[in-house]
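J.: sequence below, structure please.
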Amino acid sequence: MSSFFKSFAGNPREAAAMAMVQSSSYRVLSGRNCSNIRRTTPLDSFLAKGRSPVKAFSFLYVSRYSTQPNNEFGHSSKRRSRGPVMAAKKAADGEKQEDGKYKHTVDLPKTGFGMRANSLTREPELQKLWEENQVFKRVSDNNKGGSFILHDGPPYANGDLHMGHALNKILKDIINRYKLLQNYKVQYIPGWDCHGLPIELKVLQSLDQEVRKELTPLKLRAKAAKFAKATVKTQMESFKRFGVWADWNNPYLTLDPEYEAAQIEVFGQMALQGYIYRGRKPVHWSPSSRTALAEAELEYPEGHVSRSIYAIFKLVGGAKTSLLDEFIPNICLAVWTTTPWTIPANAAVAVNAKLQYSVVEVHSSPEDESASTGKKKKMPGKVLKTQQNLCVIVATDLVPALEAKWGVKLIIRKTFLGNFTEEAGQFRGLSVLGDGNSAVVSYLDENMSLVMEESYAHKYPYDWRTKKPTIFRATEQWFASVEGFRKATMDAINDVKWIPHQAVNRISAMTSSRSDWCISRQRTWGVPIPVFYHVETKEPLMNEETVEHGSDAWWYMSVEDLLPEKYRDKAADYEKGTDTMDVWFDSGSSWAGVLGKREGLTFPADVYLEGTDQHRGWFQSSLLTSIATKGKAPYSAVITHGFVLDEKGMKMSKSLGNVVDPRLVIEGGKNSKDAPAYGADVMRLWVSSVDYAGDVLIGPQILRQMSDIYRKLRGTLRYLLGNLHDWRVDNAVPYQDLPIIDQHALFQLENVVKNIQECYENYQFFKIFQIIQRFTIVDLSNFYFDIAKDRLYTGGTSSFTRRSCQTVLSTHLLSILRVIAPIVPHLAEDVWQNLPFEYKNEDGSAAKFVFELKWPLLNEQWLSFPAEDVLFWERLLELRTEVNKVLELARNGKLIGSSLEAKVYLHTANVSMAPRLLEMCEAQNEADTLQRIFLTSQVEVLSSMETEMVSSVQHTGEYVEGENKVWIGVSRAEGSKCERCWNYSGQVGSFSEHPTLCGRCFNVIVANPPEPVAAAVIN
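T.: Numbering: from 1, shown residues only. All right, here's what the predicted structure looks like:
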C-alpha cells in the first residue's frame, strides 16, 4: 500500500474516496462497443466556457436558478492560454509548425467518451446492459442496509403515456436510485389499474352492433382483460425507455386473481366489522356511464350553464292551513331550482323554521320582461302575465330581490315563521338532462306554475371519464361508512409525513368532511361485490362464508355452486348481485394485494408518491381501507406533485396544439429541427429542475435549455475523464501534501456532496439541480478546470503538481458521478463504462456499474479547511474577477492579446491580506502561485505605491471589500515567450540545448525527452 493510503488509515472515508484507481485499465464495454469515439477537435470543447470567476461558496446558497443564457457561461477564449493545446492540435491535424519539436510533450486529454450523447443509440444500449446483468436486482440484493419500499400508485391501463406519467415515474426512480446508493435494499413493484368503465367502453366501441347483442358478461370481461394487458405492455416499454428501474417481470395488476382475492378479503373484513352497508341514498349518477359515481370520479369544469326556474306549488290543504284560509285557492309556495328535471319526483317543499316568511300578492308589469344577453337567458312564465290575485309564500328577506328579478311588484299581505311542509303532486316525466328538462319546464308553465326561467352559470358535477354532467339520484347502493372510523383516520393523518407539508391540510379537509363512500358500480368489468339477494324480499345475504369467490367465478358459476353448503338447499330463493366495486376500492386495496402479499415487502410502505389530485383518490381510498381493517395508515410518508402545463402555464390540449409527448421528447419527431431527439436523460434532468410541489411547465424552449445544460454537464465529465487517462492509484498525493488550492477544491466538493445529500433526503430535487448546475458547469469549469490546464498539459506527466491535480480530479469524478446518477443514470453509466481506471469497493469487489458504488461518506478532514482560509479564498476569487476586468481593458487597448502576455501588479495596505498575497507570489508550489490562478505570466505584490513604475502602468483597477482595497495594475509581461507553454519568462534563452524554453519546461523536457509519436485529442 502506498504512503498515501497509509496516511488515511485512520479515516476509511478518505481511503475509500482515494482508492479510485488500479494499475490496469478496466472497462465493462470494450472500445469496439463504444459508439461515441469521435474525430479530433479543439480542446476547448472539453470545457463549458465561462469568464467571470465565482465566489468559493456561491453554489451553496443558491435559492433560485435560471436556465437562461448567463454571462458566466460565455466568455472570451482570448483570456486563456491555449498555445500548447492549439499547437498540438494543429500538429495532430498535420498543419505545418514553425518549430514543433515539443508538441508531443504536451499531456493532452484522451478519452473515448464523446461530446455527443447519441442518446437514440446509446441509452438503449445501456438499458440493455443493465437488463442483461440484472443490475437493479443485483445491487439491491447485495446492499447491506434496511429495506426501502416506495409503493407504486397504479396508472390506468388505457391510452398512451403523457408528461404527467413521465414526471411521476421519474420522480419515483430518482428516489429509488438514490436509496440504492445509500445501501438500501430497494424493491419497486410497478402496478396498473385494470378495471373500470373506460376500458369497458373501449371494448364496446370496438364491436359492431350485432356482436354487442350476443356479448355475455364473461366474453366482455375476457375482451376487457385482453385490452388492459395489451395496454400494460405498451406503457411498460415506455416506462423502461424513461430509464425507470422496477421489477418489470412481476408487476401487480388489479385484474390478477391473487390481487382480487386480497381486495375481496379487505371488503369482507370491512363488512364483518359493520362498515359496509346497503342503503337508498342520493348519489351522483352518470347517465352517460349508466352507473353511480364516487366524489373522486367527479370534476367541476368551468362554463356549465343550467336552466334554473322559479316555480310555484299550489297549496291545497294541510294541518296548519287555517293561517292561510283567506288566500285559498290562489296561494302557492315559490321555489327555485337549477334542476327542473327533479320536479316530477319532488315529494315536499322544505322551509326553515327560523326564517320569517310572507304571503305576497303579485302585481304583474304590463311590459314584456323577456331578455337574452349572450348565454344568459331570462323568460317570465305565463302565470305572471295572465293570473290575477296570485299570492305566493316567500322568505321575507328575499322580497326586494324577487321584485327586481321577476319584474313585478310584491305586496306583503301576511308574515309568519316557516314550520310546515306540504306534499306535491306526482308527475311522471321524460328523459333527464335532455328533452325531459324542457318538458318539465313547459308543463309547469302550461299549468301556471312557472314564475320565471333563466340560465344560471355555476359549477356542476361532471363524470370525469365521459365529460358529461351527472344527476342526483336516490338508488340502492353499497356504501362504506366512513363515520365509523373517521376519528381513527384523522389521527393517522397526523402521524404521516406529508410532502409538501401543506398537503396535510388538504387530505384532512377532504377526509373530515366526506360523506359515506359509495363503493358499488353498475358495470360488468370489475371485481363483483360478493352478495346474494333474496328473490322476493331483496334482502342481501353477505357474511364471512359467502365472501370468498373470485371475479370470473362470480359470472360463470351458478348461485347453487357459489352459495355456502348450508344455504344450497335454498339456492332457488337467491340471485347473484351484479354490482362491481368502485375502481378506487380496487387500487385502494393495493397495500393488501402487494405490500401484504409479496415477499420482501413491508407494511406500511415508506413512501407513496402521486399527483395532488390523489388526495381525494388513491391516497384517501388507501387510507380508508387500511384504517378500517388494520387500524393504521398504509404509508409513512406521502409526496405529492402538481400537474404538467405548457410553457405559458396552460393546460395541455390537442385542440390547442400544446401537448408535449414524452416519446417525442426522447425519440424526436419527423422534423428533427423542430422536434429534436433529446433522450431520456434530458427529460429526467427537466424533472429534477422543477419544484414539483406546484404545477410545472414544459415546452420546446425549456427543453432546449435543459439540453444545453446537459451538454455542458457532459463536457465537464469529459474533461475529467480526458485528464485522468494515465491515472494510477500509486500516483495519488496525500491530502496534507496537496497544494492549498487543491485542498480548497476538496473542501468545496465535500460541501457540495453534503448539501446534495440533504436535498435528496428531503426530496428537494430542484435544489440538487441548482447545485449541480452551479458547481459542475460554472464553478469547476470557469475556475478550477481553467487554471488546472497549465499544470495538466505542460507541467510534466509525472510532476507533483499534475499528480496532485489528478488526485483532486479523480475524487471529483467519483463524487459527481454518484450525486448525478439518480437523475441522469445513462450519462453516469456512460461515463463509468469509459472510466480509464478500475475502481474497487471497500470489500475489494470491482464496481462494474455505476450503481455498484455507494454514496460518498462524509470526510471530516476535507471539511476542516480553516475558516480563515475559506474567507481568504472567497476574497481571492473576487479579486480574480477584478483582475480579469483590468486584463480585458489591456486587451481592448491592444497592450496584450492572451492573458499570458500580461504581468499583474497588486498593492494593498491590509495587514492580513498583503502577506498572504506576497506568500502566494513566492510559493514554492507553483500550483498555489498567483500567476497560475490569474492565468498570467507574472504577478508582483508591491510594498508601496510610491514608485516610478506605478505611474507608468497604463491599465489599472481596484478591488474593494468593505474597508479593504487592493490596487491592480497590468503591464506587458517581462522576458520572452516559451515555445512550449507560451508563458513569458526571463529564463527563455538561458538553456543552450533548448533556448526557446522557460525553466519549468526545460526541467520537464530534460526529465522526459520528447518522443516522435503523434499526439491526438479524442472527441
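J.: and Tyr608, what does it touch?
T.: The contact partners of Tyr608, taken as C-beta atoms under 8 Å, 6 or more residues apart in numbering, are 150-151, 153, 618-619, 622, 634-635, 637-639. C-beta here means a position set from N, CA and C on the backbone, and glycine is covered the same way.
J.: measure it to Leu255 for me?
T.: Computed as C-beta to C-beta, to the nearest Å, the Tyr608 to Leu255 distance reads 22 Å.
J.: ramachandran angles for the nearest residue to Arg514 once chain neighbours are set aside?
T.: Excluding its sequence neighbours, the residue lying closest to Arg514 (C-beta to C-beta, 6 or more residues apart in numbering) is Val482, at 5.9 Å. Dihedral angles of Val482 (phi, psi; degrees, to the nearest 10) stand at phi -70, psi -30.
J.: was I right about Val482 contacting Trp517?
T.: Yes: here Val482 lies in contact with Trp517, judged by C-beta atoms under 8 Å, at a distance of 5.8 Å.
J.: between these two, who's got more neighbours?
T.: Relative neighbour count places Trp517 above the other of Val482 and Trp517, with 23 against 19, counting by other C-beta atoms under 10 Å.
J.: that older thread, list the ones among the contacts of Tyr608 that fall in strands.
T.: Among these, the ones falling in strands (DSSP state E) are 150-151, 635, 637-639.
J.: which single one of the residues you listed is nearest to Asn346?
T.: The closest of the ones in strands among the contacts of Tyr608 to Asn346 turns out to be Val638 (C-beta to C-beta; 43.5 Å).
J.: can you pull the contacts of that closest one?
T.: Contact analysis of Val638 by C-beta under 8 Å, 6+ apart lists 496-499, 503, 507, 607-609, 619.
J.: narrow these to those that are buried.
T.: For the contacts of Val638, a neighbour count by 16 or more other C-beta atoms under 10 Å gives the buried set as 496, 498-499, 503, 507, 607-609, 619.
J.: and these as JSON lines, adding distance to Gly844?
T.: Output for those, formatted as JSON lines (distance: C-beta to C-beta, whole Å):
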{"residue": "Val496", "distance to Gly844": "42"}
{"residue": "Trp498", "distance to Gly844": "43"}
{"residue": "Ile499", "distance to Gly844": "39"}
{"residue": "Ala503", "distance to Gly844": "45"}
{"residue": "Ile507", "distance to Gly844": "48"}
{"residue": "Val607", "distance to Gly844": "33"}
{"residue": "Tyr608", "distance to Gly844": "39"}
{"residue": "Leu609", "distance to Gly844": "36"}
{"residue": "Phe619", "distance to Gly844": "45"}
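J.: and the two most separated of those?
T.: Greatest spatial distance in those: Ile507 and Val607, 15.2 Å, computed using C-beta to C-beta.
J.: next, count neighbours for Asp843.
T.: There are 7 residues near Asp843, going by other C-beta under 10 Å.
J.: most surrounded residue in the contacts of Tyr608?
T.: Greatest neighbour count in the contacts of Tyr608, by other C-beta under 10 Å, goes to Phe619: 30 neighbours.
J.: doesn't Glu610 make contact with that residue?
T.: Yes: judged on C-beta under 8 Å, Phe619 makes contact with Glu610 at a distance of 6.8 Å.
J.: pull up the overlap in contacts between these two.
T.: Shared contacts of Phe619 and Glu610, defined by C-beta under 8 Å, 6+ apart, are found at Thr640.
J.: from what I can see Met236 touches Leu253, true?
T.: No: counting by C-beta under 8 Å, Met236 stays clear of Leu253, with 10.8 Å between them.
J.: just list the residues touching Tyr184, thanks.
T.: Residues in contact with Tyr184, defined by C-beta under 8 Å, 6+ apart, are 140, 143, 145-148.
J.: and the two most separated of those residues?
T.: Looking at the contacts of Tyr184 by C-beta to C-beta, the two members farthest from one another are Ser140 and Gly146, with 11.8 Å of separation.
J.: more crowded one of the two?
T.: Counting neighbours by other C-beta under 10 Å for Ser140 and for Gly146 shows that Ser140 has the greater number, 23 against 12.
J.: contacts only, for that one.
T.: Contacts for Ser140 (C-beta under 8 Å, 6+ apart) come out as 180, 184-187.
J.: I'd like the ones in strands among the contacts of Tyr608 laid out as a markdown table, including pLDDT.
T.: Conversion of the ones in strands among the contacts of Tyr608 to a markdown table gives the following (pLDDT from 0 to 100):
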| residue | pLDDT |
| --- | --- |
| Leu150 | 97 |
| His151 | 97 |
| Tyr635 | 97 |
| Ala637 | 97 |
| Val638 | 97 |
| Ile639 | 97 |
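J.: can you give me the neighbour number for Ser513?
T.: Look at Ser513: counted by other C-beta under 10 Å, it has 8 neighbours.
J.: swap in the one 10 residues further on?
T.: Each residue near Arg523 was counted by other C-beta under 10 Å, and the total is 22.
J.: ok, back up a step: what residues are up against the residue nearest to Arg514?
T.: Taking C-beta under 8 Å, 6+ apart as the test, what Val482 contacts is 489, 511, 514-517, 624.
J.: quick one: which of these is nearest Val359?
T.: Within the contacts of Val482, distances to Val359 taken as C-beta to C-beta reach their minimum at Ser515, with 36.7 Å.
J.: so the closest one, which state does it fall into?
T.: Secondary structure state of Ser515, per DSSP: H, G, I helix; E, B strand; the rest coil, is coil.
J.: what are the buried residues along stretch 520-534?
T.: Within stretch 520-534, the residues that count as buried by 16+ other C-beta under 10 Å are 520-533.
J.: now these in JSON lines, with pLDDT and secondary structure?
T.: Conversion of the buried residues of stretch 520-534 to JSON lines gives the following (pLDDT from 0 to 100; DSSP: H, G, I helix; E, B strand; the rest coil):
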{"residue": "Ser520", "pLDDT": "90", "secondary structure": "strand"}
{"residue": "Arg521", "pLDDT": "88", "secondary structure": "strand"}
{"residue": "Gln522", "pLDDT": "83", "secondary structure": "coil"}
{"residue": "Arg523", "pLDDT": "83", "secondary structure": "coil"}
{"residue": "Thr524", "pLDDT": "84", "secondary structure": "coil"}
{"residue": "Trp525", "pLDDT": "89", "secondary structure": "coil"}
{"residue": "Gly526", "pLDDT": "90", "secondary structure": "coil"}
{"residue": "Val527", "pLDDT": "91", "secondary structure": "coil"}
{"residue": "Pro528", "pLDDT": "90", "secondary structure": "strand"}
{"residue": "Ile529", "pLDDT": "90", "secondary structure": "coil"}
{"residue": "Pro530", "pLDDT": "89", "secondary structure": "coil"}
{"residue": "Val531", "pLDDT": "90", "secondary structure": "coil"}
{"residue": "Phe532", "pLDDT": "91", "secondary structure": "strand"}
{"residue": "Tyr533", "pLDDT": "92", "secondary structure": "strand"}
